[in-house]
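*Asks:* With the input below, show me the fold.
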Amino acid sequence: MSKYTKMLLSLLAICLAVASCRQNTCNKYTDVYAPNNNLYTGYLDVGFNDNITGLGFLFYTKFNATTPEEIAAAPTLIWLNGGPGSSSMEGAFFENGPYRVLNISNQMVVEQNENAWTKNYNVLFIDQPIGVGFSRSAKDEYLPVNETQVAEQFYKGLLNFYTSGCYSDSIYHKSPLFITGESYCGKYIPNIATEILKQNNQTDVTGNVKIPLKGISIGDPLLDPQHQLYFLGQYGIENNLISYSTYFQVNNILTRMKQHFDLNMYEEAADDYDEAMETFMSKAFTELENPYNYNIGPYPDQYVKHFCQTYIQNFGFDKDHVYDSTSAKISNSLKHDVFVPNGIPALVNVLEQNLPVIIYNGNYDIQVNTPGISYAVNNFEWYGKQVFSALPMQDLHMPDEQGNQEVIGSIKVYDKFIYALINAAGHLAPYDQPERVGYIIDNFVNKTLNKHTTNQFRSFNKFAVEY
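*Replies:* Numbers count the residues shown, from 1 in each chain. You can find the predicted model right below:
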């Protein structure tokens, strides 16, 4: 064998090793900041048949769950951030993961998260679509341009997780799955759930694993931009943030936005809303630093990107990859999708297929404000609209440390649809009010999973819910 042949074979072996690494979809590591959770990472194949394109993920098993039986006994929650183009590592290391990476006095501080969702659940943080965060795309033409493509790619990646990834053993298929997220997930999650339900209905033909999806949760969602965004000025007046002069300026811009909507000029409508937000923020009575929570300054999450690049990237992700918390390419590829009316039809679909849904909103959020989302959830056409829209919001209580019932917001429920408002929370509600959001999620998951234990109405605090 010539030395050139040996060199070629060596090079081939190296290439195969790299490819194998990229296709390894369940790498186990020890995260020193989360010693009581198993950590798995990898890439999920979305169907492009190359060794680069895939969805990067972090998977923390439930606190102190180590055996397959213990892991499978706990529900599994998927967490997604929005954008479009935002990395789900923001959720992992700033909102609901086992610890938080914070900017405290311009120093990076890692703090344990006392309200981590990983205490009760297995939590899978997926960077999606491809091209976001740790996720990769070999070609720009693979990037999705609409929610149909987003959902199809996500389903293929999730199927990979259940067939050749961390949940390939059928014992894990017993773990009930919930998809959760916020913001642009008002579009992502209903469309992803629709695709999963469609594929689950075809498993007898396709032979695919049936994904055990049991419910979806969306916080502060961009769900129905055609209707929910016209309340920006009203929100400012109700919260004494802007003058009536500014209110009229904002509404004039939103009138132009509606004209663009009516002409299906969605990118122009998006630009209009950005202008309305800029007018609102710049002309408020007092300086507003955070459009996602008017009651605080900027969120102290500046070190999450650095942490991912310097620490998390060592856990099985490609060393040559440049991690960014926001993908400009995905923001651009989905720019036309932002205001396309594709969230509500997908939401109707999942409700019609009896999938439980909870939508919650923080009352300090300007960007996705309460009156706008309230109008959206009360006025879209679905089989429960007449009853749901007529129901009043009622106080939502949570027991405090002394056992007293604290009012933490308001809520209403009909059939499998729950809508909750959270007091003193902004756009990143799991960060602002972790106990309150955790309480809501726990109730949603528990009551969904206990739905077959009785034929009677089950209560969510004072609210009748028939699942």
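
*Asks:* after the longest strand along the chain, next one along is what?
*Replies:* Using DSSP state E to define each element, the chain has its longest strand at strand 405-414. Scanning forward in sequence from strand 405-414 by DSSP states H and E, the next helix or strand is strand 417-422.

*Asks:* and that next one, what other elements does it pack with?
*Replies:* strand 357-362, helix 370-379, strand 405-414, helix 434-449 (3 or more CB pairs under 8 Å, 6 or more residues apart in numbering; DSSP states H and E). (Each C-beta comes from the backbone N, C-alpha and C, glycine too.)

*Asks:* and A92, which of those is closest to it?
*Replies:* In terms of CB to CB, the element of these nearest to A92 is helix 434-449, at 13.8 Å.

*Asks:* Grab the most central residue of the chain for me.
*Replies:* The residue lying closest to the centre of the chain (CA atoms, centre = their mean) is G181, at 2.0 Å.

*Asks:* re the thing from before, I'd like the helices and strands packed on strand 417-422 as CSV, with mean neighbour count, distance to E268 and mean pLDDT appended.
*Replies:* Supplementary listing: the helices and strands packed on strand 417-422 in CSV, determined by neighbours: other CB atoms under 10 Å; distance: least, CB to CB, whole Å; pLDDT from 0 to 100:
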stretch, mean neighbour count, distance to E268, mean pLDDT
strand 357-362, 26, 27, 97
helix 370-379, 20, 20, 97
strand 405-414, 19, 35, 95
helix 434-449, 20, 35, 95
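
*Asks:* Of all these, which one comes closest to Y60?
*Replies:* helix 434-449 (15.4 Å).

*Asks:* May I have that closest one as CSV, with CA atoms only?
*Replies:* Presented in CSV, the C-alpha positions along helix 434-449 are these (Å, rounded to 0.1, in the frame of the first residue of the first chain):
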residue,chain,number,x,y,z
PRO,A,434,-40.5,31.8,38.4
GLU,A,435,-42.7,30.6,41.3
ARG,A,436,-45.9,31.7,39.7
VAL,A,437,-45.1,30.4,36.2
GLY,A,438,-43.9,27.1,37.8
TYR,A,439,-47.2,26.8,39.7
ILE,A,440,-49.2,27.3,36.6
ILE,A,441,-47.2,24.8,34.6
ASP,A,442,-47.3,22.2,37.4
ASN,A,443,-51.1,22.5,37.6
PHE,A,444,-51.5,22.3,33.8
VAL,A,445,-49.3,19.2,33.5
ASN,A,446,-50.8,17.4,36.5
LYS,A,447,-54.4,18.0,35.6
THR,A,448,-53.7,17.0,32.0
LEU,A,449,-52.2,13.8,33.1
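
*Asks:* show me the contacts for the residue nearest to the centre of the chain.
*Replies:* Residues in contact with G181 (CB atoms under 8 Å, 6 or more residues apart in numbering) are 78-82, 88, 91, 188-189, 217-219.

*Asks:* In helices, which of the residues you listed fall?
*Replies:* Cross-referencing these against helices under DSSP state H gives 188-189.

*Asks:* what's the closest of the contacts of G181 to E70?
*Replies:* Taking CB to CB as the measure, I78 is the one of the contacts of G181 closest to E70, at 19.4 Å.
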